[in-house]
Structures are given as C-alpha cells and as structure tokens.
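A predicted structure for the sequence below; I have some questions about it.
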Amino acid sequence: MTRLDTADFVKETLNTIRAKRYVISHIALFIVLIIVTGIIYYPAKNGPLILDDHSSIHGNTEIKVFPGGTKTFVDAAYSMNNLLHSDSLIPKRPISYVSFALNFYFADDIVSAFKLTNIILHIIAGIFVFLLSTKILTLAKLNLPKPYLTGLAFLITFVWLSHPLFVSTVLYVTQRMTILSALFTFLAVYSFILYRQEFQEKDCGLMRPAMVLGICTMVAYFSKETGALIPFLCLIVEVVFFRFSFHKTTTQLKKTVYIALLVIPSVFILSYLAHAYYYHFDPVTRYFTTYERLLTELRVLWQYISFLLLIDPQGIHFWHDDIQLSKSLFDPITTFSSLVAWLFVLAMTIYCLVKNKLPLLTFCCLWFLVGHLLESTTLNLEIAFEHRNYAPGYGIILLGLITVFSLLRLLLGSSPLALCIASMIALITPVIATDYARAWRDARALALENYSRAPNSPRAIAHMIPFEEDKKESARLKKKIRELLPLEPAHSLSDIASLCQQSIEVPTAMIDQALEKLKVGVPTIATSVTFRSVISECDKAEYDQVLLPVYKAVSASRYSVLAANGILMMAHVQRRMGNETGYWELFERAKSTAMTFDIKDELQKNSTRVNESE
C-alpha cells in the first residue's frame with residue numbers, strides 16, 4: 001500500500017468514525033428528550049377527561065369503532081358533523097376523530113391510551129421541531145459551526161417539548177387536533193425549506209413540492225382548521241430567508257406560479273377573516289363583540305408571550321376566563337399600550353424585512369403572529385386558551401433561546417460556555433412542567449391547582465365547588481361566581497333545576513330573576529348547558545304554568561340552540577294540555593331553529609311512538 005493510499009484510508013476511516021459519532025450523539029440526545037418528556041407526562045396518563053372530552057370522546061358513540069360493531073371509521077370521520085348538527089358532505093376534522101376511533105378499536109375506552117397517544121404524537125412533533133430548527137438556524141446565518149447549530153436546535157426542541165404552557169394541550173385529549181395539525185405544519189414547512197434550497201441550486205419542477213405541501217396542508221387542515229395557515233407560514237420563510245431568489249435558469253412563468261401558490265392562499269385567509277369580522281361573528285353565544293375581542297387579543301397575545309418566556313409561569317392555567325375585556329382602547333389602559341407595542345413590533349419587522357436585517361427576529365415575530373391569525377382575531381371563539389400557542393409559540397421559544405445564547409456568548413466570549421449555561425437555564429422548563437403536570441393526575445388535584453392559580457376564574461371556581469367538603473366554603477364559592485357573573489342566566493336556571501329535582505315549588509321571585517337575566521344578560525354556552533338541566537328536571541306537569549314564561553323567554557333567544565330547546569319545552573306543555581296540534585307546530589318550529597341533542601331524542605321517541613301505534 002502506497003503512502004497516498006494509506007492517507008486516503010486513514011481519512012476515510014476518520015470520516016466514518018465522525019459520521020457514526022454524529023449519528024450516535026443524535027440518537028442519545030433524542031433518547032434524553034424522550035425520557036424527559038416521559039417523566040413530565042407519563043404520571044398523568046390516567047388523568048381526568050375534561051371539557052370537550054366528554055362530548056367529543058366519552059359521549060361520542062360515532063367514534064366507538066370495535067371489531068364486529070355497528071360503527072365504522074367513516075362514522076368516526078363524520079362524528080364532528082353530527083356533534084355540530086351539520087349536514088355538510090365534507091367531514092370536519094376527520095383525521096383527529098379517526099385517530100380517536102383507532103384508540104377505541106385497539107384499546108377500548110381506556111383513558112390512558114388516549115393520553116399516551118397524545119404524548120407520543122407530542123414527541124413526534126418535537127422531532128419535526130428539531131428538523132425545522134436546524135434549517136431555520138442555518139438560513140439565519142448565525143456564523144456558528146454546525147455542532148453549535150445542532151446543539152441550539154436540540155435546546156430549542158428540549159424547551160418546546162418540556163414547556164409548561166403545552167401541558168394542557170398534551171393532557172387535554174381533544175387537543176390531539178391541535179397536536180396533529182401542528183405536527184403536519186412543522187413537517188410541511190421543513191419540507192418546503194428542503195425543496196426551496198433545491199430550487200436555488202437548480203431549476204426544478206413544481207409538481208413534487210406542490211403535491212407534498214398540498215397533502216400536508218390537507219391533512220393538517222382535516223386535523224384542525226389551523227392547518228390552513230401552512231401556505232402563509234411558508235410565505236414567511238420565503239420572504240424572510242429566500243426573498244424570491246431562484247436559479248438563473250428558472251423561467252418567469254414558473255416563478256409566477258410558485259409565488260401564486262403561496263400568496264393566493266394567504267390572501268384568501270386574510271379575506272376570510274375580514275369577512276368574518278363584518279358578516280359572520282355571532283355575538284349571541286359570547287359576552288363580547290368582535291371589536292371587544294380584537295382589542296382584548298392585543299393584550300392576550302402579550303400574555304401568551306409572558307407565559308412562553310416564563311415571565312409569569314404561575315399565570316399558566318387551563319381556563320383563562322378571568323381576563324378583563326377591553327371595552328375600548330383606553331379601558332383598560334393596557335389595551336392602548338399593547339397596541340402601541342404591537343405597532344412597534346410590526347414597524348421593526350417591516351424595517352428588517354425591507355433592509356434584509358435580523359432575519360431570525362423577523363421570522364420569529366411573523367411566525368407567532370401569523371400562527372395566531374385564525375384563533376386570536378375575528379372568529380367567534382373564546383378569548384384565550386393555552387393550546388393556541390402550540391405551533392405559534394415555537395417562534396417565541398426560538399427567539400428567546402437564541403437571544404439568551406447570543407447575550408451569553410457576547411458576555412463570556414465563548415460559544416461552548418454560552419451553550420452550556422443556556423442549557424442549564426433551559427432546565428427550568430421541565431421542572432415547572434413536571435410540577436404542573438402532577439396536578440393532571442386526577443380531577444380533584446387539577447381543580448385545586450387551577451383554582452390556586454386563578455382564584456377569580458368562574459370556571460375554576462365552578463370545578464372547585466364539587467370537591468369542597470366545607471359547606472360554608474362551598475357557599476362562599478357559589479356566591480363568588482354570582483358576583484363575578486351577575487347577569488349570567490345560567491345561575492338562575494340552575495337554581496330552578498335544583499328545586500325541580502327536589503320537587504319543591506319554584507318561587508315567583510326566582511322566576512322573575514331568571515326572566516330579568518334572560519332579558520338583560522347575554523346567554524352563553526353555559527346558559528344552554530344549564531337549560532338542559534331544566535329540561536331533565538322540570539319537564540313535569542306541575543311546573544308547566546309557572547315555568548312557561550321562562551320557556552317563552554328562552555325561545556326568544558338569538559342563540560339558536562338555546563331557543564330551540566325553549567320551543568321544545570313549550571311543545572311539551574302543549575302536549576300535556578292535550579293540544580297535540582300545538583305540540584307538532586312547536587316541535588317543527590324547534591327543529592327548524594336548531595337540531596339539538598334533545599330534539600334528536602324527541603324525534604327518536606316520536607318515531608317509536610308512531611311505529612307502536614301502527
């Protein structure tokens with residue numbers, strides 16, 4: 001063997017060793033990430049079902065697909081349509097509901113199987129967060145050797161996987177929809193960057209990347225509608241990092257088609273949100289207007305950032321219904337200061353974009369804001385939920401960690417030391433997350449934890465009451481809810497249902513109070529849920545005359561689901577009075593108002609009655 005051959009052999013051997021060490025180190029770090037995530041979440045695998053879990057999973061017979069059973073995966077795919085009483089031929093969130101059905105198929109209705117699936121999907125999403133981070137950090141041109149970029153990508157993934165703000169997303173089973181949508185979003189943007197880098201090196205066809213992004217967008221969208229933001233997020237990557245630069249042989253037609261594929265969906269989303277602001281926002285199911293929601297979100301988005309940067313970790317809790325509404329720009333004054341701050345961020349972002357400076361800062365700001373477009377602007381949703389940050393929060397976590405690393409490197413003059421200290425600082429996230437996730441092991445612990453973090457949250461108080469053994473304290477909590485929500489009709493309806501359950505006469509004063517709140521207050525989903533208690537407890541002849549004014553007031557509600565059930569109760573009164581014609585007239589009116597669960601049950605009963613008479 002010649003000296004040259006020996007040198008080549010040694011060089012090749014060293015390269016092979018380095019490659020193996022690179023792979024082994026990556027596998028070892030991923031094992032660490034999996035172990036840390038497991039330590040945080042596994043103890044809570046048997047935790048309670050909450051909120052929409054009861055209707056979407058536990059009480060949803062359409063997803064209970066078993067070998068030899070009557071339900072199919074097609075029924076599961078359309079189950080959300082049934083829950084929303086929708087006749088649409090297009091299934092709503094079918095990917096998510098089929099995944100729930102698969103849990104039933106392989107593990108029956110064991111709660112831990114649903115939660116473990118969420119944990120596994122969270123880890124898989126973390127893998128795509130790592131892959132995306134490696135690309136973003138490379139595109140940002142941080143002038144760091146590859147090992148440091150890889151280390152930073154792992155650190156970002158570590159914080160994202162172990163962040164306490166995402167505990168509720170992972171352990172609230174229904175939010176698998178959010179996890180799946182985000183997972184395919186990260187995959188889509190990562191794939192986009194791969195194809196986009198290829199476009200810069202040579203003239204490529206558009207069919208393959210268009211198909212991959214199209215499929216990812218469709219799957220993400222059919223997991224949850226936030227997946228529709230994928231083209232917009234890819235447009236951010238294009239504008240910030242690639243700036244519409246192509247290989248010199250790329251034709252103008254291909255450039256135009258490429259730009260159109262990103263811009264048209266983004267413009268459509270903005271147009272849809274503008275249209276929703278003027279035409280589709282239905283205030284009757286909420287206690288706020290579109291304008292008030294937009295103003296409040298200016299403050300809420302900053303609150304999300306404080307949670308993501310762990311400035312206010314104690315503020316992280318499940319409900320967030322204790323947020324003060326912004327009635328105007330100066331009520332409260334923090335609305336105006338939040339607006340000014342966001343205008344500054346936007347101005348700075350536009351300046352950096354035009355001048356091609358600080359691309360990572362620009363990307364992170366735009367990623368966060370665009371990620372919140374659907375759920376934090378004009379759509380008729382509740383004011384705040386933590387799961388809305390699952391994908392958008394990636395931008396803030398990325399920016400926060402890179403800022404900390406850069407400052408440490410500037411102060412210490414050493415990249416290895418800066419990375420080491422940044423990693424030690426990052427250890428605070430799993431510590432806080434583990435403490436919070438511990439509360440999700442059972443319903444009582446969760447109620448106590450949320451109440452301790454949000455003592456002025458009506459929902460936190462309401463979930464605390466059943467676990468309060470002290471009668472005086474229980475009475476105090478009930479009184480506090482009434483003080484926090486003085487015009488909520490649900491309280492009066494709940495009192496009426498309670499008296500009916502005990503076969504006690506309902507006093508006139510209580511009826512008058514309910515009528516006043518139904519007239520002045522704003523009925524919410526809570527009102528509708530509580531009125532169903534009235535249906536189950538008060539649907540008796542002895543209460544017909546005294547409660548008929550309440551039924552009439554409810555039937556006049558602009559909240560269609562509530563109104564339909566009010567009309568249904570009026571129909572029942574007519575039937576008990578012997579007026580069968582009046583019953584059928586009102587029943588048809590109730591059906592045309594909204595097809596509620598109670599009306600569906602009534603249809604089944606009427607069908608059975610007709611069959612028996614025949």
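Structure's in. What do you need? Numbers count the residues shown, from 1 in each chain.

make it CA atoms for all contacts and neighbour counts henceforth
OK.

where are the low-confidence patches of this structure?
1-22, 85, 109, 279-287, 522, 524-525, 595, 597, 604, 607-614 (pLDDT under 70).

got the residue ranges for the strands in it?
In order along the chain, the chain carries no strands (DSSP state E).

so who does the nearest residue to Ser376 once chain neighbours are set aside touch?
Leaving out its chain neighbours, the residue that sits closest to Ser376 by Cα to Cα, 6 or more residues apart in numbering is Glu297, at 6.2 Å. Glu297 makes contacts with Ser376, Thr377, Ile383, as judged by Cα atoms under 8 Å, 6 or more residues apart in numbering.

Just give me the neighbour total for the second one.
In other words, Thr377. When neighbours are counted by other Cα atoms under 10 Å, Thr377 registers 22.

likewise Leu448?
The local packing of Leu448 (other Cα under 10 Å) involves 20 other residues.

Then the one 4 residues further on?
Here the number of neighbours of Ser452 (other Cα under 10 Å) works out to 15.

do the same with Glu473
Count around Glu473 with other Cα under 10 Å applied: 12.

which ones are touching it?
Taking Cα under 8 Å, 6+ apart, we find Glu473 in contact with no residue.

make it 10 Å
Residues near Glu473 by Cα atoms under 10 Å, 6 or more residues apart in numbering: Ile465, Lys479.

How about Ala462?
So Ala462 contacts Ala447, Tyr451, Ser474, Leu477, Lys478, Lys480, Ile481 (Cα under 10 Å, 6+ apart).

How about Tyr277, nearest residue that isn't a chain neighbour?
Nearest non-adjacent residue to Tyr277, counting by Cα to Cα, 6+ apart: Thr378, 5.3 Å away.

One more: Glu201?
Nearest residue to Glu201 in three dimensions, chain neighbours excluded: His247, at 6.1 Å (Cα to Cα, 6+ apart).

how close does that neighbour sit to Gln200?
Distance of His247 to Gln200, computed by Cα to Cα, to the nearest Å: 5 Å.

picking that back up, farthest-separated two in the contacts of Ala462?
Farthest pair in the contacts of Ala462 (Cα to Cα) is Ala447 and Lys480. Separation: 16.2 Å.

Distance of Asp108 relative to Leu102?
For Asp108, the distance to Leu102 - Cα to Cα - is 9 Å.

who's more crowded, the two?
Each of Asp108 and Leu102 has its neighbours counted (other Cα under 10 Å); Leu102 has more, 19 against 15.

Which one's more surrounded, His247 and Gln200?
Taking neighbours as other Cα under 10 Å, His247 and Gln200 compare with Gln200 leading, 17 against 14.

Which phi and psi values does Leu374 adopt?
In terms of degrees, to the nearest 10, the main-chain angles of Leu374 are phi -80, psi -40.

For it, grab the count of nearby residues.
Leu374: 21 surrounding residues under other Cα under 10 Å.

Now do the same contact list for it.
For Leu374, the contact set (Cα under 10 Å, 6+ apart) comprises Glu225, Thr226, Gly227, Ala228, Leu229, Ile269, Leu270, Tyr272, Leu273, Leu381, Arg388.

out of the residues you listed, which are buried?
Buried members of the contacts of Leu374, scored by 16 or more other Cα atoms under 10 Å, are Glu225, Thr226, Gly227, Ala228, Leu229, Ile269, Leu273, Leu381, Arg388.

Dump those to CSV, plus distance to Ser181.
Shown next, in CSV, are the buried ones among the contacts of Leu374 (distance: Cα to Cα, whole Å):
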residue, distance to Ser181
Glu225, 8
Thr226, 7
Gly227, 5
Ala228, 9
Leu229, 10
Ile269, 17
Leu273, 19
Leu381, 18
Arg388, 11
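
Just those: which are in helices?
Ile269, Leu273 (DSSP state H).

Not counting its neighbours along the chain, what's nearest Phe246?
Nearest non-adjacent residue to Phe246, counting by Cα to Cα, 6+ apart: Gln200, 5.1 Å away.

I figured the one you found hits Phe242, correct?
Yes. If you go by Cα atoms under 10 Å, Gln200 and Phe242 touch, sitting 8.7 Å apart.

export the contacts of Glu297 to a markdown table and tack on distance to Met218?
What follows is those, written out as a markdown table (distance: Cα to Cα, whole Å):
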| residue | distance to Met218 |
| --- | --- |
| Ser376 | 22 |
| Thr377 | 22 |
| Ile383 | 27 |
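
List just the nearest of the residues you listed to Leu399.
Nearest member of these to Leu399, counting by Cα to Cα, is Ser376, at 20.7 Å.

Distance-wise, check that closest one relative to Ser503.
Ser376 sits 45 Å away from Ser503, going by Cα to Cα.

Tell me which of the two has more neighbours.
More crowded of Ser376 and Ser503, by other Cα under 10 Å: Ser376, with 24 against 14.

Return the residues in contact with that one.
Listed by Cα under 10 Å, 6+ apart, the contact set of Ser376 reads 293-294, 296-298, 300-301, 369-370, 382-385, 388.

State the distance from it to Leu410.
36 Å.

repeat for Ala526
Applying Cα to Cα, the value for Ala526 to Leu410 is 53 Å.

Grab the nearest non-local neighbour of Asn456.
Excluding its sequence neighbours, the residue lying closest to Asn456 (Cα to Cα, 6+ apart) is Asp322, at 6.0 Å.

dump the residue contacts of that neighbour.
Ile383, Ala384, Ala454, Pro455, Asn456, Ser457, Pro458, Arg459, Ala460, Leu484.

Pretty sure the first one sits against Leu325.
Yep, that's Ile383 we're talking about. Yes. At 8.8 Å, Ile383 counts as touching Leu325 under the criterion of Cα under 10 Å.

anything in contact with each of the two?
Phe288, Glu292, Arg293, Leu294, Thr296, Glu297.

I figured the first one hits Thr378, correct?
If I follow you right, that is Phe288. No. Judged on Cα under 10 Å, Phe288 makes no contact with Thr378 at a distance of 11.6 Å.

Among the two, which residue is more densely surrounded?
Thr378 (23 against 20).

surely the more buried one meets Ser271?
No. Judged on Cα under 10 Å, Thr378 makes no contact with Ser271 at a distance of 11.3 Å.

Now do the shared contacts for the two.
Tyr277.

ok, now which ones touch the residue nearest to Phe246?
By Cα under 10 Å, 6+ apart, the residues touching Gln200 are Phe242, Phe244, Ser245, Phe246, His247, Lys248, Thr249, Thr250.

do Leu398 as well
So Leu398 contacts 133, 136-137, 152-153, 155-157, 159-160, 360-361, 363-364 (Cα under 10 Å, 6+ apart).

I'd assumed Cys500 was in contact with Asp539.
Yes. With contact defined as Cα under 10 Å, Asp539 reaches Cys500; the gap is 8.8 Å.

Now for these two: what residues contact both?
Ser533.

what about those two, which has more around it?
Set Asp539 next to Cys500 and count neighbours by other Cα under 10 Å: Cys500 wins out with 21 against 17.
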